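> Take this sequence and fold it.
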Amino acid sequence: MHEGVILLHGLARTRRSMRPLAAYCKRQGYCVVNAGYPSRRHPIEILAQSVIPPAVAALRRQGVARIHFVTHSMGGILLRAYLAVQIPANLGRVVMLSPPNQGSELVDCLCRFAWFRLLFGPAGCQLGTAEEASPARLGPAAFPLGILTGNRPALGLSRFFPGPSDGKVSVARAQLPGMADFLVLPCGHSLIMRHRLVQEQVTHFLVTGQFRR
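Sure thing, here's the model as predicted:
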């Protein structure tokens, strides 16, 4: 039986951002659902329950043996919100790309501005570092998780972070207790999913449960 992969894009993105990764996973033999969702319209909890169950159902109709997830940025927080409520019986492995698992200092700085709230919607301001923010309330990983993040911020964005970052999420805050593996690559936040090295590491983790060193 085939194995399946559900892809979840990040905030203010569409499924188009994940198409190169979707194509790569298909070439590796996976059944792929590249799920899109209106990331700026609803809170994280509503988005998670609206997009992930239909994607899981679509793969089950194809008779897949295991369902893996690969997420980018806020997509990882959606998945954590979903798995906090229910874990599919045939859940495989999870790879998160640049996830704000402990929130983002950039959000802390920007969510006080009306233009940010208007542009990024209710989910955007849920991604801060405070204890009441969504990432902090979701707890450690209770599933096989590998996290890939970058350390090449876009020009001018490094000043928002006390240490290395990819320009949107710090290396330290991408991590999550319970993760099986963690790897930092020379990538920025927005295009990390397009790098061939990242794509190869994603499928290596899906097969082996660890990244290639």
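> contacting residues around residue 170?
Neighbour list for residue 170: 104-105, 161-164 [criterion: C-beta atoms under 8 Å, 6 or more residues apart in numbering]. Any C-beta I mention is one placed from the backbone N, CA and C, and that applies to glycine too.
> Give me the buried subset of those residues.
Neighbour counting by 16 or more other C-beta atoms under 10 Å classes 104-105, 161 among those as buried.
> Please flag which of those sit within helices.
Among the buried ones among the contacts of residue 170, the members falling in helices are residue 105 (criterion: DSSP state H).
> Which one of the buried ones among the contacts of residue 170 is nearest to residue 97?
Distances from the buried ones among the contacts of residue 170 to residue 97 were compared by C-beta to C-beta; the smallest belongs to residue 104, at 14.3 Å.
> hmm, back to that, closest to residue 118 out of the contacts of residue 170?
Ranked by distance to residue 118 (C-beta to C-beta), those are led by residue 104 at 18.4 Å.
> The closest one against residue 127, yeah?
Yes. When contacts are counted by C-beta atoms under 8 Å, residue 104 is listed as touching residue 127 (5.5 Å).
> Using PDB, write out the CA atom coordinates for stretch 87-94.
The C-alpha coordinates for stretch 87-94 follow below in PDB (Å, rounded to 0.1, in the frame of the first residue of the first chain):
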ATOM      1  CA  ILE A  87      -4.400  11.600  16.400                       C
ATOM      2  CA  PRO A  88      -5.100   9.500  13.300                       C
ATOM      3  CA  ALA A  89      -4.700   5.800  13.800                       C
ATOM      4  CA  ASN A  90      -2.400   5.600  10.800                       C
ATOM      5  CA  LEU A  91      -0.300   8.600  11.600                       C
ATOM      6  CA  GLY A  92       3.200   8.300  10.300                       C
ATOM      7  CA  ARG A  93       6.000  10.900  10.700                       C
ATOM      8  CA  VAL A  94       5.900  14.700  10.700                       C
END
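> Packing partners of the longest helix seen in the chain?
Among all segments of the chain classified by DSSP H, the helix with the greatest residue count is helix 44-61. Applying 3 or more C-beta pairs under 8 Å, 6 or more residues apart in numbering; DSSP states H and E, one finds that helix 44-61 contacts strand 4-8, strand 31-35, strand 67-72, helix 74-83.
> Packing partners of the third one?
Secondary structure elements in contact with strand 67-72, counted by 3+ C-beta pairs under 8 Å, 6+ apart, are strand 4-8, helix 44-61, helix 74-83, strand 91-97, helix 196-208.
> So which residues make contact with the longest helix of the chain?
Helix 44-61 is contacted from outside by 4, 6, 8, 31, 33, 35-39, 42, 67, 74, 77-79, 81-82, 85, 88, 90, 123, 126, 134, using C-beta under 8 Å, 6+ apart.
> now stretch 179-197
Looking at stretch 179-197 with C-beta under 8 Å, 6+ apart, the contacting residues turn out to be 17-18, 20-21, 24, 72-73, 97-98, 141, 144-154, 164, 166-169, 171, 174-175, 198-199, 201, 205, 209-211.
> Mind listing what's buried along that stretch?
By neighbour count, with 16+ other C-beta under 10 Å as the criterion, the buried positions of stretch 179-197 are 179-183, 185, 187-190, 192-193, 195.
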